[in-house]
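>>> Build me a model:
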Amino acid sequence: MSKVTQNYEQLALSMGMYLDGNVIYGERGGYELMIYATDSRYPYLLTVSLSAKPLNGIFLSKEEKKQFAKGLKPVTSLNQDGNHITMVIGNTSNQEKLKENLETGLSNLLPFLQARGYVPCCQFCGEQVQTIGYSMGNNYMHLCQECIAKMRQDETLAVQAKEQKKENLVGGIVGAFFGSLIGILCIIIFSQMGRIAAVSGVVMAVCTIKGYEKLGGKLTKKGIVVCIIMMLVMTFVGDRLDWAIMIEREFGTKWNIDIAEAFQLVPQMLAEGVIDSGSYWGNLAILYLFTIGGAVPTVSAVLKELNNTGSSIRQIGSAI
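I've put the predicted structure just below:
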């Protein structure tokens, strides 16, 4: 168990709440609460999440939210998106201070909402019924049984529709090719600026995969293999085209050649030493490193999605 999780566990216990992963949850003043770090880089910059609606239909004004946060030092901000209300508590790794800040925020937020006629409700449908906390990726929601059932049904139908969709290999290859052209353009632009940028490798990987998926209808493991081959080939082509542009710029008028002819001359100029082989292969090796660096996380994410057959919607507290 990590130090952060241990601290969360102690914090949840001291507040009479529970811990599921890195989400503290429980009930306070009739409101179902979830407390979590929106950004994992700042695990003690905590967001308090709840769902409520005003009976009079008047939502919090910008000035009301601003004044609430301004009047409480521990509170960084108060936000409302429909029935979803979030309060951010300032960052501090001191556990006693963090607990004090959370208690201060909650002891002011709940009466603040109640005084304005806010009542607990489902975040989506707005019905005044019992809600349960759910997570979907990095999003946290307070939902009633009917809404969560509908969300899960919609998710199942979407997965089934995706599985039934046929893969068009030829279309996928064409899409991957056009996507890789954007990667080549990125390589050339940065190179002409005198830089070899890691972003060019990321662009090559992402655009090739997205291009395949767009025209291929769906992305399978076979499609991933095609994309990897396309990335490797087109990175080589992009680097050689970059050299061809430099050759044409340097010798185009003198030798009366265009970029296409310069492209064909690259191997000969390498053999004759006109192009320094160390610079050529070194530059290509760096480009491949950047492309691999962009491809690995992109392909890993795609494979994870392909292998993930379970629901992405999870009930908070179900693992306890």
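>>> how about stretch 156-170: buried residues?
Asn168 (16 or more other Cβ atoms under 10 Å). Just so you know, the C-beta spots here come from the backbone N, C-alpha and C atoms, and that holds for glycine as well.
>>> Check the separation of the first and last residues in it.
Start-to-end span of stretch 156-170 (Cα to Cα, to the nearest Å) is 28 Å.
>>> Dump the helix or strand where Met34 lies to CSV, restricted to CA.
Using DSSP states H and E, Met34 sits in strand 31-37. Coordinates of the C-alpha atoms in strand 31-37 are reproduced here as CSV (Å, rounded to 0.1, in the frame of the first residue of the first chain):
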residue,chain,number,x,y,z
TYR,A,31,-25.6,14.2,0.7
GLU,A,32,-23.7,11.3,-0.8
LEU,A,33,-20.0,12.5,-1.1
MET,A,34,-16.9,11.4,-3.0
ILE,A,35,-13.5,12.9,-2.2
TYR,A,36,-10.6,12.4,-4.6
ALA,A,37,-7.6,14.0,-6.3
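>>> Off-centre distance for it?
22 Å (Cα atoms, centre = their mean, to the nearest Å).
>>> What strands flank whichever helix or strand comes after it, and is each parallel or antiparallel?
Using DSSP H and E, the helix or strand that directly follows strand 31-37 along the chain is strand 46-54. Here strand 46-54 is paired, per DSSP bridges, with strand 31-37 (antiparallel), strand 84-89 (antiparallel), strand 118-120 (antiparallel).
>>> what residues does the helix or strand just after the shortest one touch?
I take that to be strand 118-120. Counting by DSSP H and E, the next helix or strand C-terminal to strand 118-120 is strand 132-136. Strand 132-136 is contacted by residues 23, 25, 32, 34, 140-145, 148, 151, 312-317 when judged by Cβ atoms under 8 Å, 6 or more residues apart in numbering.
>>> quick one, strand 132-136 and strand 46-54 angle?
Strand 132-136 runs at 120 degrees relative to strand 46-54, counting by axes from the mean of the first three to the mean of the last three Cα atoms, to 10 degrees.
>>> Centre of the chain to strand 132-136, how far?
For strand 132-136, the distance to the chain centre is 18 Å (Cα atoms, centre = their mean).
>>> follow-up on the earlier one: just the buried residues of the contacts of strand 132-136.
Using 16+ other Cβ under 10 Å as the burial test, the contacts of strand 132-136 include 23, 25, 32, 34, 140-144, 148, 151, 313-314, 316-317 as buried.
>>> Helices - which of these land there?
Ile148, Met151 (DSSP state H).
>>> Tell me which entries of the buried ones among the contacts of strand 132-136 lie within strands.
Among those, the residues falling in strands (DSSP state E) are Val23, Tyr25, Glu32, Met34, Tyr140, Met141, His142, Leu143, Ile313, Arg314.
>>> can you list the residues you listed in JSON lines and add pLDDT and distance to Val48?
Output for these, formatted as JSON lines (pLDDT from 0 to 100; distance: Cβ to Cβ, whole Å):
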{"residue": "Val23", "pLDDT": "94", "distance to Val48": "11"}
{"residue": "Tyr25", "pLDDT": "96", "distance to Val48": "11"}
{"residue": "Glu32", "pLDDT": "94", "distance to Val48": "11"}
{"residue": "Met34", "pLDDT": "97", "distance to Val48": "8"}
{"residue": "Tyr140", "pLDDT": "93", "distance to Val48": "11"}
{"residue": "Met141", "pLDDT": "94", "distance to Val48": "14"}
{"residue": "His142", "pLDDT": "95", "distance to Val48": "12"}
{"residue": "Leu143", "pLDDT": "95", "distance to Val48": "18"}
{"residue": "Ile313", "pLDDT": "84", "distance to Val48": "21"}
{"residue": "Arg314", "pLDDT": "88", "distance to Val48": "20"}
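>>> JSON lines please, covering those and showing distance to Ala115.
Shown next, in JSON lines, are those (distance: Cβ to Cβ, whole Å):
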{"residue": "Val23", "distance to Ala115": "28"}
{"residue": "Tyr25", "distance to Ala115": "25"}
{"residue": "Glu32", "distance to Ala115": "20"}
{"residue": "Met34", "distance to Ala115": "23"}
{"residue": "Tyr140", "distance to Ala115": "25"}
{"residue": "Met141", "distance to Ala115": "25"}
{"residue": "His142", "distance to Ala115": "21"}
{"residue": "Leu143", "distance to Ala115": "26"}
{"residue": "Ile313", "distance to Ala115": "34"}
{"residue": "Arg314", "distance to Ala115": "34"}
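>>> any idea of the mean pLDDT for the helix or strand containing Leu13?
According to DSSP H and E, Leu13 maps onto helix 3-14. Mean per-residue pLDDT for helix 3-14: 92.
>>> and the longest helix anywhere in the chain, what's its mean pLDDT?
If you go by DSSP H, the chain has its longest helix at helix 221-255. Computed over helix 221-255, the mean pLDDT rounds to 89.
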